[in-house]
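Trainee: Below are the sequence and a predicted model; questions follow.
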2 protein chains.
Amino acid sequence: MKTCRKKDFPTAEIRRFLEPGPIVLVSSAWKGKTNIMTMGWHTMMEFTPALVGCIISEGDHSFEMIRRSGECVINIPTVDMAETVVRVGNCSGRDTDKFAVFDLTAVPGTQVKAPLIAECYANFECRLADDSLVKKYNFFIFEAVKAHAATSPRYPDTIHYRGDGVFMLSGANTSKYKRLFRPEML
Amino acid sequence: MKTCRKKDFPTAEIRRFLEPGPIVLVSSAWKGKTNIMTMGWHTMMEFTPALVGCIISEGDHSFEMIRRSGECVINIPTVDMAETVVRVGNCSGRDTDKFAVFDLTAVPGTQVKAPLIAECYANFECRLADDSLVKKYNFFIFEAVKAHAATSPRYPDTIHYRGDGVFMLSGANTSKYKRLFRPEML
């Protein structure tokens, strides 16, 4: 896997990559250790501040790391990383150094201690903004405080999970319906 | 647009259609009127009960209808409905009878008063399960209490929104990574 050349990306526009619903990798750091988990249950909640709601199961090793550090990075992997994405989701940080085992490159965050995954198309540095539904639903609300995205291609080829080992791959992107939008609805 | 032949679908498996992140149509009913809105910000939250978290803006006409009735139907439109999906999202139920204007077929729900949209691939009848974050984030947590899905094709061709009038279309479905899953992770 190669790393991507990236530039700063406006946090208010991260829906461009999250709203289509890709599986993401969530990286974290706590007490000198890092971890990565695969996550499919997330949604945009607000543009500014850029809020993202996520389910992180209390059974996941990342759960306590993220809850205690109050930080994570949401990384967008591309289809060439699909095998790694599945393997990351099928082992635990309890007994696996995932950056080492999966040969992923940790890049220091600019706003958070959690590391970015260099091989991913985009990285959103996040701070825990609201934990009021963590106890009841394992639902974390993060604010993306800094975003980085590859400069090419314009949109990533992403993988989307259906459960039962089945992935949907992203298809074509189209602006053909743009003419139907009222300007304020774009 | 044609309507789909459907059968009952297990609510515990609706992630098959929601987790990949399609834009959905949300139908509602209140005081003898119906409405439809286009929604892109949603996430699975639990398998059983089948919980789905959604952002519905307080500016949307559907907001009060759904909050007061405590019900809605989440419908999965397919790519052949893309133009309708955009048009539905670009007008308001305040002055538009969307079922009539867009020639959509309202089918009575079995568990809720909100109508199903017959032309959509799948319909999930939902009851409002938790409104604790509605005031702060416009975030509704619904329980899907009854699900219906087309019997063919196996997976729908869906549309996924990126903002700025750009849609990503769903691509191929693959089970090629299934061998990498531990059985309990499927």
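Mentor: Good, I have the coordinates.
Trainee: what's the following helix or strand after the longest strand along chain A?
Mentor: Assignment by DSSP state E gives strand A:139-150 as the longest strand of chain A. Sequence-wise, the next helix or strand downstream of strand A:139-150 (DSSP states H and E) is strand A:159-163.
Trainee: what's the angle from that following strand to strand B:159-163?
Mentor: With axes from the mean of the first three to the mean of the last three Cα atoms, to 10 degrees applied, the angle from strand A:159-163 to strand B:159-163 works out at 140 degrees.
Trainee: Now strand A:159-163: average pLDDT?
Mentor: Averaged over strand A:159-163, pLDDT sits at 98.
Trainee: Report whether that strand contacts chain B.
Mentor: Yes - Strand A:159-163 lies within reach of chain B by Cβ under 8 Å from any Cβ of the partner chain, at A:160-163. Heads up, the C-betas are built off the backbone N, CA and C, glycines and all.
Trainee: quick one: stretch A:53-71 to chain centroid distance?
Mentor: With Cα atoms, centre = their mean, to the nearest Å as the basis, stretch A:53-71 stands 13 Å off its chain's centre.
Trainee: Report the closest residue of chain A relative to chain B.
Mentor: Proximity of chain A to chain B (Cβ to the nearest Cβ) peaks at A:Gly21, 1.3 Å away.
Trainee: now the closest residue to that residue other than its chain neighbours: how far from B:Arg5?
Mentor: In this structure, A:Gly21 finds its nearest non-sequential neighbour in B:Gly21, 1.3 Å apart by Cβ to Cβ, 6 or more residues apart in numbering or on different chains. According to Cβ to Cβ, to the nearest Å, B:Gly21 stands 25 Å off from B:Arg5.
Trainee: Point out where chain A drops to low pLDDT.
Mentor: Within chain A, no stretch has pLDDT under 70.
Trainee: Next up, the contacts around the residue nearest the centre of chain A.
Mentor: A centroid search over chain A (Cα atoms, centre = their mean) returns A:Ile74, at 2.6 Å, as the residue closest to the centre. The contact partners of A:Ile74, taken as Cβ atoms under 8 Å, 6 or more residues apart in numbering or on different chains, are A:18, A:24-26, A:39, A:42, A:52, A:54, A:123-124, A:126, A:142, A:144.
Trainee: mind redoing it with 7 Å?
Mentor: Counting by Cβ atoms under 7 Å, 6 or more residues apart in numbering or on different chains, A:Ile74 touches A:24, A:26, A:52, A:124, A:126.
Trainee: A strand includes it, no?
Mentor: Yes - judged by DSSP: H, G, I helix; E, B strand; the rest coil, A:Ile74 forms part of a strand.
Trainee: Relative to A:Val86, how far out is it?
Mentor: Looking at A:Ile74 against A:Val86, where the rule is Cβ to Cβ, the gap reads 18 Å.
Trainee: Next: A:Thr3.
Mentor: From A:Thr3 over to A:Val86 the distance is 20 Å, taken as Cβ to Cβ.
Trainee: Ranking by neighbours, what's the top pick from the contacts of A:Ile74?
Mentor: For the contacts of A:Ile74, the largest number of neighbours (other Cβ atoms under 10 Å in any protein chain shown) sits with A:Cys126, at 31 neighbours.
Trainee: For that residue, what are phi and psi?
Mentor: Here is the backbone geometry of A:Cys126 (degrees, to the nearest 10): phi -130, psi 140.
Trainee: Over to A:Arg68?
Mentor: Backbone torsions for A:Arg68, taken as degrees, to the nearest 10, come to phi -80, psi -40.
Trainee: ok, it touching A:Trp30?
Mentor: Yes - A:Arg68 is in contact with A:Trp30 according to Cβ atoms under 7 Å; the separation is 5.7 Å.
Trainee: higher neighbour count, these two?
Mentor: A direct count of neighbours by other Cβ under 10 Å for A:Arg68 and A:Trp30 places A:Trp30 higher, at 20 against 12.
Trainee: Spatially, which residue comes closest to the more buried one, not counting chain neighbours?
Mentor: A:Trp30 sits nearest to A:Met65 (Cβ to Cβ, 6+ apart), 3.9 Å away.
Trainee: Quick check: the one you found is in a helix.
Mentor: Yes - A:Met65 sits within a helix when classified using three-state DSSP.
Trainee: show me what contacts it?
Mentor: For A:Met65, the contact set (Cβ under 7 Å, 6+ apart) comprises A:28, A:30, A:35.
Trainee: Could you confirm A:Gly171 falls within a helix?
Mentor: No - read with three-state DSSP, A:Gly171 is strand and lies in no helix.
Trainee: how about the strands of chain A, start to end?
Mentor: Using DSSP E, the strands of chain A run over A:6-9, A:24-30, A:33-39, A:42-46, A:51-55, A:71-76, A:106-107, A:116-117, A:122-130, A:139-150, A:159-163, A:166-174.
Trainee: Can you spell out which helices and strands pack onto the fourth one?
Mentor: Counting by 3 or more Cβ pairs under 7 Å, 6 or more residues apart in numbering or on different chains; DSSP states H and E, the packing neighbours recorded for strand A:42-46 are helix A:15-18, strand A:51-55, strand B:42-46, strand B:51-55.
Trainee: ok, and what's touching it?
Mentor: For strand A:42-46, the surrounding residues in contact (Cβ under 7 Å, 6+ apart) are A:15, A:18-19, A:24, A:51-54, A:141, B:41-43, B:53, B:55, B:137, B:139.
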